[in-house]
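A.B. asks: Fold the stuff below for me.
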Amino acid sequence: MGDVVLSAGIRANLLSIQNTAKLLDQTQNRLATGLKVNSAIDDPTAFFTAQGLNNRARDLESLLTSMDQAIQTLDAADQGIKSVIKLIENAKATANQALETKVKASSATSSNGTAYVATTAVSNITGLDAGDIFTIQVGTAAAVAVTVGASTSHVSALIASISALAGVTASLTSDGKIKIEGDTGEDLTITDTTGSAANTLGVAGTATNGTNRRSFESDFNGLRTQMDQLVADASYKGVNLLQADNDLTVFFNEGQTSSLTINSKLLDTSAAGINISEIVAKAWATDGSISDAIDQLDQAINTLRQQSSTFGGNLSVVETRSDFTGNMINTLTSGAANLTIADTNQEGANLLALQTRQSLGTTALSLAAQADQNVLQLF
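C.D. replies: Residues are numbered from 1 along each chain as shown. Reported below is the predicted structural model:
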């Protein structure tokens, strides 16, 4: 082509057509991609500025995901606290039911038809011999032996020796009957082991006529166990804010210079401020012990509500930063888009104009060529 000599008119028209074709390619590429800056060649400043904005937006999107996970962790902890409070309220209802249930001693009263007086000599009671032994058992406690001997020479002495046993009371009724009671209201079992003293006095057997609070104690301890199990299960992706040493740090910027550490706190029944003690057997035989347990439950609820408020404050901070980060991502991507996205209306108008220019350029090239062809008429 370099050896072909073109006239100035043809060359000018050719260059114009080539430039128009180049601009057409550029316009069509912008319309196809939707971008006016597809590479650093198009506009280095806009390209690298937009790339930096998009890179930061992607970094923030990663942090936004971390914030969302922190929100879920806090929500799991909050749900755990609310559920533990419900269990505590159930335990409190159980304690109140126990408090309303009055303990009634189980009792065995002599049924042999004999009326005794305090001064009746044991030796004068037919069938009751020195050395006779019978046992008294209240509930699941160990059976305790009572021996008829020198120290129990009279009925009053025998009654006194029985009353000396823990949890047992003996008395002589107004109609001369020997009455033995199990103070806690649990089953009272009286059994002869040597001789037949219990049968002779008419008190042998098991008395189940008492009222006790053992079932309430068992129910309370069962709820206490459920509290600990629930606390242990209140984790999200391995992080449990209701157990110690499970602190969670949430970062809010890509440089990790802005963050929030959410401190975990042990909130099981053994934790400070909660201290819900297990109820040992027969502990609720007295009203005072139940009142103490209710006070513990009230203190535990207050502690849990305070911690829930703390977690609520943390949640508010994380949600606020999450919203801010989401808006910042939109700002960054919008800024990058403003630098690189093509205006399709403008590019469409450019395309029409360039197509018209291309058509005119082709016509002009044809006219320029005709001027050169006129020389052929000389031959």
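A.B. asks: Three-state assignment for Thr206, please.
C.D. replies: Following DSSP: H, G, I helix; E, B strand; the rest coil, we place Thr206 in the strand state.
A.B. asks: And for it, the neighbour number?
C.D. replies: Burial measure for Thr206: 12 neighbouring residues, criterion other CB atoms under 10 Å. All C-beta spots, glycine's among them, are computed from the backbone N, C-alpha and C.
A.B. asks: ok, it - contacts?
C.D. replies: By CB atoms under 8 Å, 6 or more residues apart in numbering, Thr206 lies in contact with Asp187, Leu188, Thr189, Ile190.
A.B. asks: most neighbours, which of those residues?
C.D. replies: Neighbour max across the contacts of Thr206 (other CB under 10 Å) = Leu188, 27 neighbours.
A.B. asks: quick one: contacts for that one?
C.D. replies: Leu188 makes contacts with Ser106, Ser107, Ala108, Ile136, Gln137, Val138, Ile180, Glu181, Gly182, Thr206, Ala207, Gly210, as judged by CB under 8 Å, 6+ apart.
A.B. asks: How much space separates Ile294 from Gly195?
C.D. replies: 48 Å (CB to CB, to the nearest Å).
A.B. asks: Looking at the two, which one has more neighbours?
C.D. replies: Shown here are Ile294 and Gly195; by other CB under 10 Å, Gly195 has more neighbours (18 against 15).
A.B. asks: The more buried one touches Ile133, doesn't it?
C.D. replies: Yes - the criterion here is CB atoms under 8 Å, and Gly195 meets it with Ile133 at 6.9 Å.
A.B. asks: Need the overlap of contacts for those two.
C.D. replies: Here Gly195 and Ile133 share the contacting residues Val148, scored by CB under 8 Å, 6+ apart.
A.B. asks: my read: Gln72 touches Val239, true?
C.D. replies: No - assessed by CB under 8 Å, Gln72 is found out of contact with Val239, at 9.7 Å.
A.B. asks: who has more neighbours, these two?
C.D. replies: Val239 (20 against 13).
A.B. asks: For the more buried one, give the beta-bridge partners.
C.D. replies: Note on Val239: beta-bridge partners Tyr236, judged by DSSP bridges.
A.B. asks: mind checking how far it is from Thr249?
C.D. replies: Counting by CB to CB, the gap from Val239 to Thr249 is 11 Å.
A.B. asks: about what we covered before: any chance of the contacts of Thr206 in CSV, plus secondary structure and pLDDT?
C.D. replies: Formatted as CSV, those follow (DSSP: H, G, I helix; E, B strand; the rest coil; pLDDT from 0 to 100):
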residue, secondary structure, pLDDT
Asp187, coil, 91
Leu188, strand, 93
Thr189, strand, 95
Ile190, strand, 94
